[in-house]
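**Student:** Could you work out the structure for the sequence below:
(one chain, ligands or ions: 2)
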Amino acid sequence: KQPLVEIRNLKKYFPIKKGIFGRTAGHVRAVDGLDFTIYKGETLGLVGESGCGKSTTGRTLLQLLHPTEGQVYYKGKNLVGLPPAELRKVRKDMQMVFQDPYASLDPRLTVFDIIAEPLEIHNVAQGKEKIRRVEELLNTVGLSSYHAKRYVHEFSGGQRQRIGIARALALNPMLIVADEPVSALDVSIQSQVINLMQDLQEQFHLTYLFIAHDLSVVKHISSRIGVMYLGRMVELADKRDLFDSPKHPYTRALLSAVPTPSPLIKKERIVLQGDVPSPANPPAGCAFHPRCSECMAICKTDRPALRQVDGRYVACHLYN
Ligand code: SF4
Ligand code: MG
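**Tutor:** Residues are numbered from 1 along each chain as shown. Ligands and ions are numbered 1, 2, ... in the order given. The predicted structure is shown next:
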């Protein structure tokens, strides 16, 4: 396995402004010390409730947001602090598919212009070649050149997400960060888009960071899965290991909400008490402790580090 992206001690804090002078009153610790690797050709699923820092992780990885601390290595090169011209070159390789295809595609542009835009920005195709490339991209995602002159409002949610994917593919990227690409779609459409993304991965040897808020969405497509809670990784494992024997109590709770394929397999639904605490004021020790049924004294004071346990990573005092 060859690392494509290596994230080291990544942090992203947002200042909280108070009062008319915009005084900084603390920080929201959206991403609070992440270490993980994305291997070439894999799909790493990233899961957690909303507000746990998944999107911020994706955006900080792509340098759409500047990290507060830490490094993001792409093919061994640290992207943090890279001069804009160099970053632009690397950014061709890394694209994003957004959660909401209604909001992320410009309604004033035709589908042709939406897909051609990255080709123009990076000066990779002009004239007839540009037209040919856009048609090819439309076909690749299951649309046709007949759709090119239309506007996004004329398309269904699933079709819009296909347009977003075509745009992301325009520059032949290596890595796609897909930020909840199917969350806004009907369940019946979700698997179509996921299947398309899997086909494209094979065809173009893509690497995915696939963000979702529940495990059932990433179950099919992921090779490995990372579970985030309040800006930190609490478990990172091969998909099979994670589904067969989840270690972290939070992973277990998330997993208990995934419907089983057979009604004969009975499982206890673990209902978490309370809401996710505010990332502006995370609980001391293990951030999950106020909601954890296995909380011990040490959990309230000491933050568990992400450690290797049985071939996966887990951050929990139960495994010390
Ligand atoms: Fe629960 Fe303690 Fe493990 Fe946190 S460290 S998940 S509180 S057992
Ligand atoms: Mg999000």
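
**Student:** May I ask which helix or strand encompasses Val134?
**Tutor:** Counting by DSSP states H and E, the element that carries Val134 is helix 127-140.

**Student:** relative orientation of the helix or strand that that helix is followed by and helix 127-140 in degrees?
**Tutor:** Counting by DSSP H and E, the next helix or strand C-terminal to helix 127-140 is helix 157-169. Here helix 157-169 runs at an angle of 130 degrees relative to helix 127-140 (axes from the mean of the first three to the mean of the last three CA atoms, to 10 degrees).

**Student:** if we can go back for a sec, tell me which residues of the helix holding Val134 come out buried.
**Tutor:** Buried residues in helix 127-140, counted by 16 or more other CB atoms under 10 Å: Lys130, Arg133, Val134, Glu135, Leu137, Leu138, Thr140. C-beta: built from backbone N, CA, C; applies to glycine.

**Student:** what ranges do the helices span in the stretch 101-250 of the chain?
**Tutor:** Using DSSP state H, counting those that start in this stretch, the helices of the stretch 101-250 of the chain run over 101-104, 111-121, 127-140, 157-169, 187-204, 215-219, 239-244, 249-256.

**Student:** Same list, those, but as JSON lines with mean pLDDT and distance to Arg269 please.
**Tutor:** Listed next are the helices of the stretch 101-250 of the chain as JSON lines, based on pLDDT from 0 to 100; distance: least, CB to CB, whole Å:
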{"stretch": "helix 101-104", "mean pLDDT": "81", "distance to Arg269": "32"}
{"stretch": "helix 111-121", "mean pLDDT": "95", "distance to Arg269": "42"}
{"stretch": "helix 127-140", "mean pLDDT": "96", "distance to Arg269": "40"}
{"stretch": "helix 157-169", "mean pLDDT": "96", "distance to Arg269": "29"}
{"stretch": "helix 187-204", "mean pLDDT": "95", "distance to Arg269": "19"}
{"stretch": "helix 215-219", "mean pLDDT": "90", "distance to Arg269": "13"}
{"stretch": "helix 239-244", "mean pLDDT": "95", "distance to Arg269": "16"}
{"stretch": "helix 249-256", "mean pLDDT": "94", "distance to Arg269": "5"}
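
**Student:** who wins for proximity to Gln71 among the ones you listed?
**Tutor:** The closest of those to Gln71 is helix 157-169. By CB to CB, the value is 24.6 Å.

**Student:** pLDDT score assigned to Pro261?
**Tutor:** Among the per-residue scores, Pro261 holds a pLDDT of 67.

**Student:** For this protein, which residues are neighbours of ligand 1?
**Tutor:** The chain comes close to ligand 1 at residues 248-249, 286, 288-289, 292, 294-296, 299, 304, 316-318, as judged by CB under 6 Å from any ligand atom.

**Student:** 5 Å - rerun?
**Tutor:** Pro249, Cys286, Phe288, His289, Cys292, Glu294, Cys295, Cys299, Pro304, Cys316, His317, Leu318 (CB under 5 Å from any ligand atom).

**Student:** quick one: the third one from Pro277, how far?
**Tutor:** With distances defined as CB to CB, to the nearest Å, the gap from Phe288 to Pro277 amounts to 9 Å.

**Student:** ok now do the residue of the stretch 51-200 of the chain found nearest ligand 1, which residues does it touch?
**Tutor:** With CB to the nearest ligand atom as the measure, Cys52 is the residue of the stretch 51-200 of the chain nearest to ligand 1, at 14.3 Å. Residues in contact with Cys52 (CB atoms under 8 Å, 6 or more residues apart in numbering) are Met228, Tyr229, Leu230, Gly231, Val276.

**Student:** do Ile115 as well
**Tutor:** By CB under 8 Å, 6+ apart, the neighbours of Ile115 are Val134, Leu137, Leu138, Ala148, Ile163, Ala166, Arg167, Ala170.

**Student:** next one: Glu135
**Tutor:** Contact partners of Glu135, counting by CB under 8 Å, 6+ apart, are Ser144, Ser145, Ala148.

**Student:** go on, Gly226?
**Tutor:** So Gly226 contacts Phe36, Leu44, Gly45, Leu46, Val47, Met233, Glu235, Leu236 (CB under 8 Å, 6+ apart).

**Student:** measure it to ligand 1 for me?
**Tutor:** 16 Å (CB to the nearest ligand atom, to the nearest Å).

**Student:** Check Ile7 too.
**Tutor:** Taking CB to the nearest ligand atom as the measure, Ile7 falls 22 Å from ligand 1.

**Student:** before we move on, what about Lys18?
**Tutor:** Taking CB to the nearest ligand atom, one finds Lys18 at 31 Å from ligand 1.
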